[in-house]
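Enquirer: Give me the fold of what follows.
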Amino acid sequence: MNYIDEKTESLIYAVKESAEYKEYQRMRELIHSEPEKERAIHEFRRRNFELHRRRDVDLYSEMDRLEKEFAPLRAEPYVNEYLSAELAVCRMVQRINFRLMEEIEFDLGFE
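Expert: Next up is the predicted model:
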């Protein structure tokens, strides 16, 4: 295994040992034990993702509509905790990626 692979493995280990990841895994198991709730969460995230990719809509009003539509789901036990834990892991990975791209000289040419 080369140096980069070793360090990558160390980073993966560090992420998996983080409080954020452990909390996400705990919440994920709770949600996974309720398939209907899990499917509804996936639908919410899918529609949220698709909405953010669209350019032909008023994002704020559409997000408001989506939030209202899924308000009953968000009121269910563990749903917001799960989504918050998921977001914490996503932000951690984004920070890692941002830091990496910030520190290496990688010119995309269109920045």
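Enquirer: Have a look at the protein and report its longest helix.
Expert: Ranked by residue count and defined by DSSP state H, the top helix of the chain is helix 79-103.
Enquirer: Output the contacting helices and strands for it.
Expert: Packing contacts for helix 79-103, counted by 3 or more Cβ pairs under 8 Å, 6 or more residues apart in numbering; DSSP states H and E, involve helix 3-17, helix 19-32, helix 35-53, helix 71-74. Where you see a C-beta, it was placed from the backbone N, CA and C, and this is true even at glycine.
Enquirer: looking at these, which is closest to Tyr82?
Expert: Nearest to Tyr82, of all the helices and strands packed on helix 79-103, is helix 19-32, at 4.1 Å by Cβ to Cβ.
Enquirer: give me the number of residues near Tyr24?
Expert: Residues lying near Tyr24 (other Cβ atoms under 10 Å) number 21.
Enquirer: actually Phe98, not the one I typed
Expert: Other residues close to Phe98 by other Cβ under 10 Å number 10.
Enquirer: could you measure it against Met92, distance?
Expert: Look at Phe98 and Met92: by Cβ to Cβ, to the nearest Å, they are 11 Å apart.
Enquirer: same thing with Ala75?
Expert: 27 Å.
Enquirer: More neighbours: these two, which one.
Expert: For Ala75 versus Met92, the count of surrounding residues by other Cβ under 10 Å is larger for Met92: 17 against 9.
Enquirer: quick one: pLDDT of His42?
Expert: His42 carries a pLDDT value of 96.
Enquirer: whoops, Arg95 was the one
Expert: pLDDT, read off for Arg95, is 97.
Enquirer: That one and Glu20, how far apart?
Expert: On the measure of Cβ to Cβ, Arg95 and Glu20 end up 11 Å apart.
Enquirer: Show me which of those two is the more surrounded one.
Expert: Taking neighbours as other Cβ under 10 Å, Arg95 and Glu20 compare with Glu20 leading, 17 against 10.
Enquirer: How about that one: what's its closest non-neighbour residue?
Expert: Ala88 (4.3 Å; Cβ to Cβ, 6 or more residues apart in numbering).
Enquirer: Taking helix 3-17 as reference, get the angle to the longest helix of the chain.
Expert: If you take axes from the mean of the first three to the mean of the last three Cα atoms, to 10 degrees, helix 79-103 sits at 160 degrees to helix 3-17.
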